[in-house]
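> Sequence unavailable; structure follows:
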């Protein structure tokens, strides 16, 4: 029985899973968004968000701790320099999962997982977006109104003659 076991094993051994999540986390930090399956993205979110929280405090200990998870020097440098600068004031929720449909080969649910403050398209607030000015056009004439208009015209024609 799996009472209290909430971890998604993703059909892999623990060493394979840790290696995969570490590689995906460093790719996410370097590229700011990656495309993957929904199950992997949810597992990656639980893996990478504590690392970002740890990176808020720039000490040698926190750098070494994060490096033990990522094993990529460039990703650690990027995390402590650029990523923390943008999301340092955020209390959590550093990633966003956007579902993109199913994969053609095996119908696996696909998604894009991205770092929240790095998507410029979603950063624009609704107040910044200028409301599109619509042209107001005349209402279309209803069939019941055409009869009345036609009758008025007929009446006005008869008055003139």
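Now that the structure is in, tell me what you want to look at. Computed from a predicted structure; not experimentally measured.
> Okay, and the residue lying closest to residue 95 once chain neighbours are set aside sits in which element?
Take residue 95 and drop its neighbours on the chain: the residue closest to it by Cβ to Cβ, 6 or more residues apart in numbering is residue 45, 5.1 Å away. (Glycine included, C-beta is placed from N, CA and C.) Element membership of residue 45, judged by DSSP states H and E, is helix 38-55.
> Check which residues of that helix are buried.
The neighbour-count criterion (16 or more other Cβ atoms under 10 Å) identifies 38, 40-45, 47-48, 51-55 as the buried residues of helix 38-55.
> which other residues reach the next helix or strand after that helix?
Per DSSP H and E, helix 38-55 leads on to helix 60-70 as the next helix or strand towards the C-terminus. Residues from elsewhere that reach helix 60-70 (Cβ atoms under 8 Å, 6 or more residues apart in numbering): 22, 25, 26, 29, 47, 51, 54, 55, 73, 76, 79, 80.
> Between which two of those residues is the distance greatest?
By the measure Cβ to Cβ, 47 and 73 form the most distant pair in these, at 18.7 Å.
> By average pLDDT, which secondary structure element in the chain comes out worst?
Within the chain, confidence by mean pLDDT, DSSP states H and E is lowest for helix 143-160 among all helices and strands, at a mean of 56.
> so residue 35 is in which element?
Applying DSSP H and E, one finds residue 35 within strand 33-37.
> Could you list every helix and strand in contact with that strand?
helix 14-31, strand 109-115 (3 or more Cβ pairs under 8 Å, 6 or more residues apart in numbering; DSSP states H and E).
> Name the strands paired with the last one and say parallel or antiparallel.
In the sheet containing strand 109-115, its partner strands are strand 33-37 (antiparallel), strand 95-102 (antiparallel), by DSSP bridges.
> contacting residues for residue 118?
Going by Cβ under 8 Å, 6+ apart, residue 118 touches 32, 33, 86.
> Try it again at 7 Å.
By Cβ atoms under 7 Å, 6 or more residues apart in numbering, residue 118 lies in contact with 32, 86.
> low pLDDT regions in the chain?
Applying pLDDT under 70 to the chain flags the ranges 125-133, 141-161.
> Roughly how far does the closest residue to residue 17 other than its chain neighbours sit from residue 96?
Spatial nearest neighbour of residue 17, excluding adjacent residues (Cβ to Cβ, 6+ apart): residue 10 at 5.8 Å. Here the criterion is Cβ to Cβ, to the nearest Å. By it, residue 10 lies 21 Å from residue 96.
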